[in-house]
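> no sequence on this one, just coordinates:
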């Protein structure tokens, strides 16, 4: 158990809908990361927050957004869902921002999203 | 830009035989390198990491990896495979901002 908690574990929704994925980082971790794992794209970095502020952005679609709350939990909002958004969405956390070497990032078990 | 290439998409070994999962990296500076493992329907677990200290890095479950700058490689090895090692393995490099860049993964099968 990494200490990173993600909910829901599985989600099935229809195209055009909106969903919210939730992540609680490990106790004491200030950085939260979101990754998407799909069969065709592999593991892709989406976005990073550090202590409530956006820190880095990756291949995140405009239909997707995220935020980190004062209690450090984070939510990933996915809207106008398309079939291609079906994927495993991972949240990860670390103590530091990640800059420099050696920052260890711990992953949750992921949220499986199926868009039908 | 940083990148990693996992040279094999699938590796199959017999239980009790050595494991070798190959990874080459590209980095414009001294990289931080990691190996993560993903068991079916599970999250990503850190096996080991290299951060410019010892070039031979020991990880969990008997795995180790050797950083070879001259070959830009970071291959993962284990002397004796166990059935429970069957999983997907990812070689990962960290960019200067700390983001993890994943390889495409190597699926390890272990035959009894």
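Right, received. Where do you want to start? Bear in mind that the values here come from a model prediction, so they are computed numbers and not experimental data.
> quick check: residues of chain A near chain B?
Applying C-beta under 8 Å from any C-beta of the partner chain, one finds that chain A approaches chain B through A:2, A:4, A:31, A:33, A:35, A:42-45, A:48, A:55-56, A:58, A:90, A:92, A:94, A:96-110. Just so you know, the C-beta spots here come from the backbone N, C-alpha and C atoms, and that holds for glycine as well.
> now do residue 4, the pLDDT please.
Picking chain A for this. Listed pLDDT for residue A:4 reads 95.
> not what I meant, chain B
Value for residue B:4, per-residue pLDDT: 94.
> now it, nearest residue through space, not along the chain?
residue B:103 (4.2 Å; C-beta to C-beta, 6 or more residues apart in numbering or on different chains).
> burial of residue A:84, as a residue count?
For residue A:84, the neighbour count with other C-beta atoms under 10 Å in any protein chain shown is 12.
> which SS class is it?
When the structure is reduced to helix, strand and coil (DSSP: H, G, I helix; E, B strand; the rest coil), residue A:84 reads as helix.
> surely residue A:27 is in contact with residue A:4?
No. At 10.2 Å, residue A:27 and residue A:4 do not qualify as touching, with contact defined as C-beta atoms under 8 Å.
> more neighbours: which of those two?
Using other C-beta under 10 Å, the more surrounded residue of residue A:27 and residue A:4 is residue A:4, with 25 against 8.
> so who does that one touch?
A:23, A:24, A:25, A:26, A:91, A:92, A:93, A:106, A:107, A:108, B:43 (C-beta atoms under 8 Å, 6 or more residues apart in numbering or on different chains).
> now the residue nearest to residue B:4: how far from residue A:109?
Summarising the geometry, the distance separating residue B:103 from residue A:109, computed by C-beta to C-beta, to the nearest Å, is 21 Å.
> the more surrounded of the two?
Each of residue B:103 and residue A:109 has its neighbours counted (other C-beta under 10 Å); residue B:103 has more, 23 against 19.
> show me the beta-bridge partners of residue B:48.
Beta-bridge partners for residue B:48, by DSSP bridges, are residue B:35.
> go through the contacts of residue A:4 and flag which are in strands.
With DSSP state E as the criterion, strands contain A:23, A:24, A:91, A:92, A:93, A:106, A:107 from among the contacts of residue A:4.
> output these as CSV; include the columns pLDDT.
Conversion of the ones in strands among the contacts of residue A:4 to CSV gives the following (pLDDT from 0 to 100):
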residue, pLDDT
A:23, 98
A:24, 97
A:91, 96
A:92, 94
A:93, 93
A:106, 90
A:107, 93
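> closest to chain B among those residues?
Proximity of the ones in strands among the contacts of residue A:4 to chain B was ranked by C-beta to the nearest C-beta; the top entry is residue A:107 with 4.0 Å.
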